[in-house]
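Structure here, sequence nowhere to be found:
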């Protein structure tokens, strides 16, 4: 995000105000709803509806042989209806439009609006939001401007300490995962725990950038699948629709089930993920999971492994505990190393996620062989250490896209054969045998940096959060050890004839 700051809501907008400045204006209006107890995600949902209606009203030249806005055609006149409605009738007109468009579950637009209700009952506030979008978005044909506004709103919302919104992956990090996996217009793409669908939106941006002239006809299956197990799944669907209307990414499908409870996904060519961490009350009963565990991150990693199609590629953000825990974590790691080509690991710095500035995370990038083999699929694991010597904080010193430039230059997405270790030791290669010979096959691979580590100038709350995260990680290791000991057979008691020497008395 840029360094723009909120504008005075009383000032008129420029006709082509930058999307993030418009997002600041829109988010400033939420204060009036916050006082009434309206959660942030409901406000964001209302704005996402308005952005969809605004997008549907904008003329866009379709690719040859395709109708204009194949998913949004049904809403093409709704924006004009809203603008023409008298102020006193505006909330009622808005609710009627939502109901009419949401009663079409056969379309992505219908699913994004299904059972939706406007969070803004004040007709004057609703009118202000409509006017903001009418004045703040450039007129004429557009591409992704509405989507940029919504994602900028997500970024603002997660920075709000009083927020109440679903999980959102920072855009620069989502773009990094998309660059690593290189999604194409013919790929099926899935995110089993998508939050606001930032990762799938990044995949669509990447497709548009790399394949601007490619148009894929709609197919019978869902080729873009997300899942957010909450009513906020409508936010995810709206985010994808604002990025793509069926021309590049195929049909959009977002479900709201618990992905660990059932099998909501078909296999996908590209799987992206930033799943929730923590513990479950009971392990999920999944026949496709080789290891039973209550650890959410481990279960989501197994889900990604299950969903990934032969020949497919995945990039998933996971906490440190997955890399060095024993017991179930070790079993999952050994399975991943043997059955998948785990070729890339990025040790991310702390200070990325708002609300969890001390959490330590990593990107695991791997592919699934086209056929099973007794030979280990992993040959070499390349580790880029973007953590050692770097200090960030989401508010005071946020991590930005340019901070990962060195990682992407070293990783060479799409050209792994030309990778070389860096002189500073930040990028190193490990063989499969080196990995499995380590205690517990740990992947907590520290790369010693050949330069002095700068002093940690993080604010006290970030240091405290990191200490807390270290304690949680240590507790997870102890729990794993306890689990391992509980599974081991109890030693047989000594026989009566055994020679047992009593301990000597005294000190």
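Arrived safely. If you're wondering where the values come from, they're calculated on a predicted model, not measured in any experiment.

What ranges does the protein have for its strands?
Using DSSP state E, the strands assigned to the chain run over residues 189-191, 224-227, 252-255, 268-273, 308-319, 341-347, 361-367, 380-385, 427-431.

elements contacting the shortest one?
Going back to what we said before, that points to strand 189-191. Under the contact criterion of 3 or more CB pairs under 8 Å, 6 or more residues apart in numbering; DSSP states H and E, strand 189-191 touches helix 198-210, strand 224-227, strand 268-273. Every residue, glycine included, has its C-beta placed from N, CA and C.

Okay, angle between the first one and strand 308-319 too, please.
Using axes from the mean of the first three to the mean of the last three CA atoms, to 10 degrees, the interaxial angle of helix 198-210 with respect to strand 308-319 works out to 120 degrees.

Can you tell me which of the strands of the chain is nearest to residue 235?
strand 252-255 (9.2 Å; CB to CB).

average model confidence for that closest one?
If you average the pLDDT over strand 252-255, you get 76.

elements contacting it?
Contacts of strand 252-255 with other secondary structure elements, assessed using 3+ CB pairs under 8 Å, 6+ apart, are made with helix 108-113, strand 224-227, helix 233-243.

Compare those and give me the one nearest residue 428.
Distances from residue 428 to each of these were compared using CB to CB; the minimum, 34.4 Å, belongs to strand 224-227.

Which residues are in contact with the closest residue to residue 179 other than its chain neighbours?
Closest residue in space to residue 179, ignoring its immediate chain neighbours: residue 413 at 5.1 Å, by CB to CB, 6 or more residues apart in numbering. By CB atoms under 8 Å, 6 or more residues apart in numbering, the residues touching residue 413 are 179-180, 182.

hmm, back to that, okay, the strands of the chain in TSV with distance to residue 49 and mean neighbour count next?
Below are these laid out as TSV (distance: least, CB to CB, whole Å; neighbours: other CB atoms under 10 Å):
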stretch	distance to residue 49	mean neighbour count
strand 189-191	22	31
strand 224-227	18	26
strand 252-255	15	24
strand 268-273	25	26
strand 308-319	29	21
strand 341-347	36	23
strand 361-367	32	23
strand 380-385	40	21
strand 427-431	45	16
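
Ok, which of the ones you listed comes nearest residue 22?
So among the strands of the chain, strand 252-255 is nearest, using CB to CB, at 24.1 Å.

Please identify the pairing partners of the closest one and their relative orientation?
Neighbouring strands of strand 252-255 in its sheet, by DSSP bridges, are strand 224-227 (parallel).

avg pLDDT for the partner strand?
For strand 224-227, mean pLDDT is 85.

try stretch 334-354
For stretch 334-354, mean pLDDT rounds to 92.

Now do it: distance to the chain's middle.
Between the centre of stretch 334-354 and the centre of its host chain there is 14 Å, according to CA atoms, centre = their mean, to the nearest Å.

still on that earlier bit, the strands of the chain: which one's closest to residue 398?
Relative to residue 398, the nearest member of the strands of the chain by CB to CB is strand 361-367, separated by 15.2 Å.

relative orientation of that closest one and strand 308-319 in degrees?
Direction vectors for strand 361-367 and strand 308-319, defined by the same axes, to 10 degrees, enclose an angle of 170 degrees.

relative orientation of strand 361-367 and strand 341-347 in degrees?
When the same axes, to 10 degrees is applied, the directions of strand 361-367 and strand 341-347 differ by 160 degrees.

Partner strands of strand 361-367 and their direction?
strand 308-319 (antiparallel), strand 341-347 (antiparallel).

Which of the ones you listed sits closest to residue 29?
When the strands paired with strand 361-367 are ranked by distance to residue 29, counting by CB to CB, first place goes to strand 308-319 at 32.0 Å.

circling back to that earlier point, with distance to residue 304 as extra columns, can I get the helices and strands packed on strand 252-255 in JSON lines?
What follows is the helices and strands packed on strand 252-255, written out as JSON lines (distance: least, CB to CB, whole Å):
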{"stretch": "helix 108-113", "distance to residue 304": "24"}
{"stretch": "strand 224-227", "distance to residue 304": "12"}
{"stretch": "helix 233-243", "distance to residue 304": "18"}
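
Distance to residue 406 added to the strands paired with strand 361-367, as JSON lines?
Conversion of the strands paired with strand 361-367 to JSON lines gives the following (distance: least, CB to CB, whole Å):
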{"stretch": "strand 308-319", "distance to residue 406": "18"}
{"stretch": "strand 341-347", "distance to residue 406": "11"}
